[in-house]
Structure formats: C-alpha cells, structure tokens
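>>> Got a sequence here, can you build the structure:
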Amino acid sequence: MHDPKAIEALILFLGDWDRETVKEASESLAGFSKETVEYVAKKQIASLKLAWKRIIIKMRLKKIIKFI
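Modelled structure (predicted):
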C-alpha cells in the first residue's frame with residue numbers, strides 16, 4: 001500500500017511554477033493506481049485555499065489520470 005502523504009505532496013507539486021518539478025511529480029504520480037490518486041486528490045484539492053492553484057492542479061491531474 002502506498003503512503004497517502006507521498007501522493008498528497010506530489011499533488012501539491014503539480015501546482016508549482018517550475019516545469020521540471022511538475023514533470024517529476026507527474027511521472028511519480030503515474031506510478032500509483034488511478035483509484036488511489038483520485039481518492040487522495042479529492043481530499044487534497046478541496047483543502048487548498050487558493051482557487052488558481054486548485055484549477056491548475058485539477059487540469060494537470062486530468063492529464064495524468066488519463067494515462068494511468
């Protein structure tokens with residue numbers, strides 16, 4: 001079983017401005033099951049206070065989940 005805290009951290013990195021950071025987080029998230037990422041993401045995204053960050057992370061997660 002994967003540690004949800006690791007997935008939470010990777011999801012937060014998807015909101016980073018640095019492309020390399022986003023790329024690394026995306027590749028790492030692709031190693032987890034689709035169901036696990038979706039479950040953790042729902043809770044994680046809902047807790048974010050900045051609307052722009054939620055939007056960016058949701059967009060990037062959609063692309064990643066397509067390929068898992």
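>>> average model confidence for the longest helix along the chain?
The longest helix of the chain (DSSP state H) is helix 51-67. For helix 51-67, the mean pLDDT works out to 93.
>>> what about residue 6, how many residues close to it?
13 (other Cβ atoms under 10 Å). (C-beta placed from N, C-alpha, C; glycine too.)
>>> swap in the one 5 residues further on?
When neighbours are counted by other Cβ under 10 Å, residue 11 registers 22.
>>> And the strands in this structure?
Counting by DSSP state E, the chain has no strands to list.
>>> List the contacts of the longest helix of the chain.
Under the contact criterion Cβ atoms under 8 Å, 6 or more residues apart in numbering, helix 51-67 has outside partners 11-12, 14-15, 22, 26, 29-30, 34, 37-38, 41, 45, 48.
>>> Separate out the buried members of the residues you listed.
Buried members of the contacts of helix 51-67, scored by 16 or more other Cβ atoms under 10 Å, are 11, 14-15, 22, 26, 29, 37, 41, 45, 48.
>>> So which of these belong to helices?
Among the buried ones among the contacts of helix 51-67, DSSP H puts 11, 22, 26, 29, 37, 41, 45 in helices.
>>> could you dump those to CSV with pLDDT and distance to residue 65?
As requested, these are arranged in CSV below (pLDDT from 0 to 100; distance: Cβ to Cβ, whole Å):
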residue, pLDDT, distance to residue 65
11, 96, 11
22, 97, 15
26, 95, 11
29, 94, 9
37, 94, 6
41, 94, 8
45, 91, 13
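>>> can you put these in JSON lines and add distance to residue 55?
JSON lines is the format used below for those (distance: Cβ to Cβ, whole Å):
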{"residue": "11", "distance to residue 55": "14"}
{"residue": "22", "distance to residue 55": "14"}
{"residue": "26", "distance to residue 55": "17"}
{"residue": "29", "distance to residue 55": "18"}
{"residue": "37", "distance to residue 55": "18"}
{"residue": "41", "distance to residue 55": "13"}
{"residue": "45", "distance to residue 55": "10"}
